[in-house]
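**Student:** A structural model of the following input is requested.
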Amino acid sequence: MTGPLDGIRVLDLTRFLAGPFCTQELGDFGADVIKIEPLDGDHSRNQTLKPNLVGNSYFFAGANRSKRSMALDVTKPEGRDVVLKLARRADVVIENFRPGVMERLGFGARALRESNPRLIYCGVTGFGQTGPYSGRPGFDQVGQGMSGFMSITGQEPTGPTRAGIALADLYCAMTACRGVLYALIARERTGRGQDVYVSILDSMVSLLTWSAGMYFETGTPPGVAGNHHPLASPFGVYPTKDGSFNLCAGNEVIWRRLCEAIGKPDLVDDPRFVNGNARVANRPALNVILTEAFKRRTSSEWVEYLNEHGVACGPIYNLAEVFRDPQVLHNQMLVERPHPVHGTVKLLGIPIKLSETPGEIRRVPPILNEHADEVLKEAGYAPAEIARLRDAGVLGPRPAARE
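**Tutor:** From the prediction side, this is the model:
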């Protein structure tokens, strides 16, 4: 099946998560992504709870499908020559080293574009290419904290809390992906490549939206939001007979439906709850009333009943429940594919559904160095040259799982 990025070559010099998750999406939509790994592999390959998956962890699998792998020592001149040769044929080069590293290796944007003026060069960093923190190492949790995100996440007793996923890394990856696509569109008009620079810090700050607006309006930084929306009510987590569920009465129509559904239509005319701002101001009193009502049924009963009445709400799943949910399965957000190490590898599905040129998991996560020989042959290397690179320790060995 033809993807929207068919014919686009991406040279992937990223590792861990913020870079690889970006290139994975490009690969899912048709780009030929060649992942250059160190001889011992992207170190995320080893981050696993199961010793038998060291080298092929689910951490790695979650951000590296739809790619080809080559293990290469880029610190040696012969390894650098391979990268330069591949970059001359590439549409996009993506890296997530600290500023200056690529230049020292001879792979900076200016150097690569001398022989390939159409090249789009994407650099992903923790804090930016320049500025007082540009040389610092950047990690997800640092970005969550410095962006202000953690200061508005959590409960009053515990204070600031990180997201349960690597949100800063992942959103930075999505931002980088958008930047690359914008640059590809611009190249159609200009015929020239350009630099695309994104950072974990900038990406997370850009998500603050109405939380930043609260600060801009009042001059006072908002505190932890807990499980209730700071600007809407009732909008949050409510206890039930057997647990809790999410309720989102985010407008007046849904608020009226909720009051009717729980048998308290008089709340609509209660002056304490007459509009959204009043309900936010009187949230504690309203929550007492709602909590008393919701304790009459189980969470699943309320979710079904309220949705039947047009009230937005939903369960709070653990991950086992997520991947049993009929809508998640219908949307193909759990995909299974044969894999030489995992047997059957479970992968997350593709969230963007295109009607004419849909994304596709084109390759399972690669074994380290799985595609080196075919990539080099395509780049014009003769078998004897490939053997020489391998014998010199520049190119990694052929993976046993694929021999």
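**Student:** output the contacting helices and strands for the helix or strand containing Arg80.
**Tutor:** Element membership for Arg80, per DSSP states H and E: helix 77-88. Identification of packing neighbours for helix 77-88 by 3 or more C-beta pairs under 8 Å, 6 or more residues apart in numbering; DSSP states H and E yields strand 9-13, strand 32-37, helix 109-115. Where C-beta positions appear, they are placed from N, C-alpha and C, glycine not excepted.
**Student:** Glu304: which of the ones you listed is closest?
**Tutor:** Counting by C-beta to C-beta, Glu304 lies closest to strand 32-37 out of the helices and strands packed on helix 77-88; the figure is 42.9 Å.
**Student:** center of the chain - which residue?
**Tutor:** Centrality entry for the chain: nearest residue to the mean C-alpha point is Leu170, 2.8 Å, by C-alpha atoms, centre = their mean.
**Student:** now the residue nearest to Ala372 when sequence neighbours are not counted: phi and psi?
**Tutor:** Distances taken as C-beta to C-beta, 6 or more residues apart in numbering put Met70 closest to Ala372, at 4.3 Å, once the chain neighbours are dropped. Main-chain torsions, Met70, degrees, to the nearest 10: phi -130, psi 130.
**Student:** please save the CA atoms from stretch 95-109 in PDB.
**Tutor:** What follows is stretch 95-109 as a C-alpha-only set of coordinates in PDB (Å, rounded to 0.1, in the frame of the first residue of the first chain):
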ATOM      1  CA  GLU A  95      19.400  13.500  15.400                       C
ATOM      2  CA  ASN A  96      18.900  14.100  19.200                       C
ATOM      3  CA  PHE A  97      22.500  14.800  20.400                       C
ATOM      4  CA  ARG A  98      23.500  17.800  22.400                       C
ATOM      5  CA  PRO A  99      24.300  20.800  20.300                       C
ATOM      6  CA  GLY A 100      27.800  20.600  18.800                       C
ATOM      7  CA  VAL A 101      28.100  16.800  18.800                       C
ATOM      8  CA  MET A 102      27.000  16.400  15.100                       C
ATOM      9  CA  GLU A 103      29.300  19.200  14.000                       C
ATOM     10  CA  ARG A 104      32.300  17.500  15.700                       C
ATOM     11  CA  LEU A 105      31.500  14.300  13.900                       C
ATOM     12  CA  GLY A 106      31.300  16.200  10.600                       C
ATOM     13  CA  PHE A 107      27.500  15.700  10.300                       C
ATOM     14  CA  GLY A 108      26.300  19.300  11.100                       C
ATOM     15  CA  ALA A 109      23.400  20.700   9.000                       C
END
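**Student:** what's the mean pLDDT across it?
**Tutor:** Averaged across stretch 95-109, the pLDDT comes to 96.
**Student:** got the contact list for the helix holding Arg80?
**Tutor:** For helix 77-88, contacts defined as C-beta atoms under 8 Å, 6 or more residues apart in numbering pick out 11, 13, 34, 36, 72-74, 93, 105-107, 112, 115-116, 119, 375-376, 379-380, 389, 392, 394-395.
**Student:** could you redo the last one with a cut-off of 10 Å?
**Tutor:** Applying C-beta atoms under 10 Å, 6 or more residues apart in numbering, the external contacts of helix 77-88 come out as 9, 11, 13, 34, 36, 38-39, 70, 72-74, 76, 90, 93, 102, 105-107, 111-116, 119, 121, 372, 375-376, 378-381, 385, 388-389, 392-395.
**Student:** mind listing what the helix or strand just after that helix pairs with, with the direction of each?
**Tutor:** For helix 77-88, the following helix or strand on the C-terminal side (DSSP H and E) is strand 92-95. Sheet pairing of strand 92-95 (DSSP bridges) gives strand 9-13 (parallel), strand 120-125 (parallel).
**Student:** just those: most buried one?
**Tutor:** Highest mean neighbour count among these (mean count of other C-beta atoms under 10 Å): strand 120-125, with a mean of 26.
**Student:** and the angle from that one to helix 77-88?
**Tutor:** Between strand 120-125 and helix 77-88, the angle comes out at 120 degrees (axes from the mean of the first three to the mean of the last three C-alpha atoms, to 10 degrees).
**Student:** what's the mean pLDDT across strand 120-125?
**Tutor:** Strand 120-125 carries an average pLDDT of 98.
**Student:** cool, stretch 60-73 as well?
**Tutor:** Averaged across stretch 60-73, pLDDT comes to 98.
**Student:** okay, buried residues for it please.
**Tutor:** Buried residues in stretch 60-73, counted by 16 or more other C-beta atoms under 10 Å: 60-73.
**Student:** one step back: make a markdown table out of the strands paired with strand 92-95 and add distance to His228.
**Tutor:** Converted to a markdown table, the strands paired with strand 92-95 look like this (distance: least, C-beta to C-beta, whole Å):
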| stretch | distance to His228 |
| --- | --- |
| strand 9-13 | 41 |
| strand 120-125 | 34 |
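**Student:** about what we covered before: which one of the helices and strands packed on helix 77-88 lies closest to Ser203?
**Tutor:** Checking the helices and strands packed on helix 77-88 against Ser203 by C-beta to C-beta gives strand 9-13 as the closest, at 18.9 Å.
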